[in-house]
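J.: Next one to model:
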Amino acid sequence: DLRAAVSQLTVRANRPAPPPPPRAAHVMAANGEFIFLHGGEGADFKPLGDLHMYDIGNRAWMPIRTPVPAPNPRSLHVGAACGTSFILAGGYHPTLPVDDVWIFEPGPVRWRQVDT
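T.: From the prediction side, this is the model:
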């Protein structure tokens with residue numbers, strides 16, 4: 001269950017987590033229950049590699065801490081939610097194109113690089 005796995009991943013406090021910092025050229029994908037947000041460029045135009053989830057039902061952001069390996073920070077990439085997983089591919093890091101594909105899996109918590 002994605003909700004149970006997410007509860008083990010998130011930083012919980014007595015108040016909701018703040019929303020992710022402003023960004024552009026990021027990727028977002030929804031699975032009906034959560035919206036995944038990854039990477040993009042920050043206000044300083046540097047690539048970001050963070051992962052956040054928005055809980056649609058509770059209207060709350062959750063930063064997700066994942067172990068390595070993980071995708072390099074990137075922008076202008078593509079992504080899709082597939083069941084409880086989040087898939088991302090390509091993009092730029094920081095100005096060079098990348099052609100890798102990664103899958104985020106909440107249980108066990110990990111990023112997995114796909115052989116292409």
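J.: all contacts plus neighbour counts: C-alpha atoms, from now on.
T.: Will do.
J.: Quick check: closest non-adjacent residue to the residue positioned nearest the centre of the chain.
T.: The residue lying closest to the centre of the chain (C-alpha atoms, centre = their mean) is L51, at 3.0 Å. Nearest residue to L51, sequence neighbours excluded (C-alpha to C-alpha, 6 or more residues apart in numbering): H38, at 4.7 Å.
J.: try I35
T.: Using C-alpha to C-alpha, 6+ apart, the closest residue to I35 is Y54 (5.0 Å).
J.: From the contact counts, what lies against the helix or strand encompassing the one you found?
T.: Taking DSSP states H and E as the criterion, Y54 maps to strand 47-55. Under the contact definition 3 or more C-alpha pairs under 8 Å, 6 or more residues apart in numbering; DSSP states H and E, strand 47-55 sits against strand 34-41, strand 60-64.
J.: if you compare these, which one is most tucked away?
T.: strand 34-41 (a mean of 23; mean count of other C-alpha atoms under 10 Å).
J.: quick revisit: tell me how far the residue nearest to the centre of the chain lies from T116.
T.: 23 Å (C-alpha to C-alpha, to the nearest Å).
J.: quick one on the thing from earlier: among the helices and strands packed on strand 47-55, which comes closest to P21?
T.: strand 34-41 (10.0 Å; C-alpha to C-alpha).
J.: Where do the strands of this structure begin and end?
T.: Along the chain, counting by DSSP state E, strands occupy 27-30, 34-41, 47-55, 60-64, 78-82, 85-89, 92-93, 96-97, 101-106, 109-114.
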